[in-house]
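Q: Sequence and predicted structure below; questions after.
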Amino acid sequence: MWMQKEISLKPRARGFHLITHEIEQAIEELGGINIGLLHLFIQHTSASLTINENADPTVRADFESFFSRAVPEDEPYYQHTLEGSDDLPAHLKSSILGPSLQIPITSGRLNMGTWQGIYLCEHRNHGGSRRLVITLQGE
């Protein structure tokens, strides 16, 4: 079985946001898959996806602090600056973290670790809604 759909996520502030529940809610077909794979792809160049801790929100705050220091705004050597001081750093952060995830499905559930959750990584100050392509395969 193959299934694909696109969903839009509501606009969020810059930072790292848990979206696991939104993803699970968007795929009614998940419960019918005994073994399979979920592929998520974000259709943007200034936001990304990753998997990390879902329990302590300070992890997400620390991620934002780390990436803001690792890829600062307003560097004098940046050439791509017409869309704002956060734009090129957002592209760089997106490339570092990546646009897609692949997660195993077992017995109708995402087979992630107890403390793992799916993050939307919003790298723009005002990024707007974000589109995801969700592809399921399995039996």
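A: Received it, and whenever you're ready, just let me know what you need. Everything quoted here is computed from the prediction, not taken from an experiment.

Q: Next, count neighbours for Phe67.
A: For Phe67, the neighbour count with other C-beta atoms under 10 Å is 22. The C-beta positions use only the backbone N, C-alpha and C, and glycine is treated the same way.

Q: Likewise for Ser85?
A: Ser85 has 13 neighbours, counted by other C-beta under 10 Å.

Q: residues contacting it?
A: Neighbouring residues of Ser85 by C-beta atoms under 8 Å, 6 or more residues apart in numbering: Glu73, Asp74.

Q: Buried residues of stretch 97-109, list them for me.
A: For stretch 97-109, burial by neighbour count (16 or more other C-beta atoms under 10 Å) applies to Leu97, Pro99, Leu101, Ile103, Ile105.

Q: wait, which of those residues is closest to Glu28?
A: Glu28 lies nearest to Ile105 out of these, by C-beta to C-beta, at 13.4 Å.

Q: Which strand residues bridge the closest one?
A: In this entry, Ile105 is beta-bridged to Gly36, Leu110, by DSSP bridges.

Q: Give me the distance between it and Ile19.
A: Here Ile105 is placed at a distance of 17 Å from Ile19 (C-beta to C-beta, to the nearest Å).

Q: For the chain, give the strand that spans the most residues.
A: In the chain, with assignment by DSSP state E, the single longest strand is strand 116-126.

Q: Quick one: mean pLDDT for the next helix or strand after it?
A: Going down the chain from strand 116-126, the next helix or strand is strand 130-138, by DSSP states H and E. The average pLDDT within strand 130-138 is 98.

Q: Now secondary structure and pLDDT too, for the buried residues of stretch 97-109, in a markdown table please.
A: Shown next, in a markdown table, are these (DSSP: H, G, I helix; E, B strand; the rest coil; pLDDT from 0 to 100):
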| residue | secondary structure | pLDDT |
| --- | --- | --- |
| Leu97 | helix | 98 |
| Pro99 | coil | 98 |
| Leu101 | strand | 98 |
| Ile103 | strand | 98 |
| Ile105 | strand | 98 |
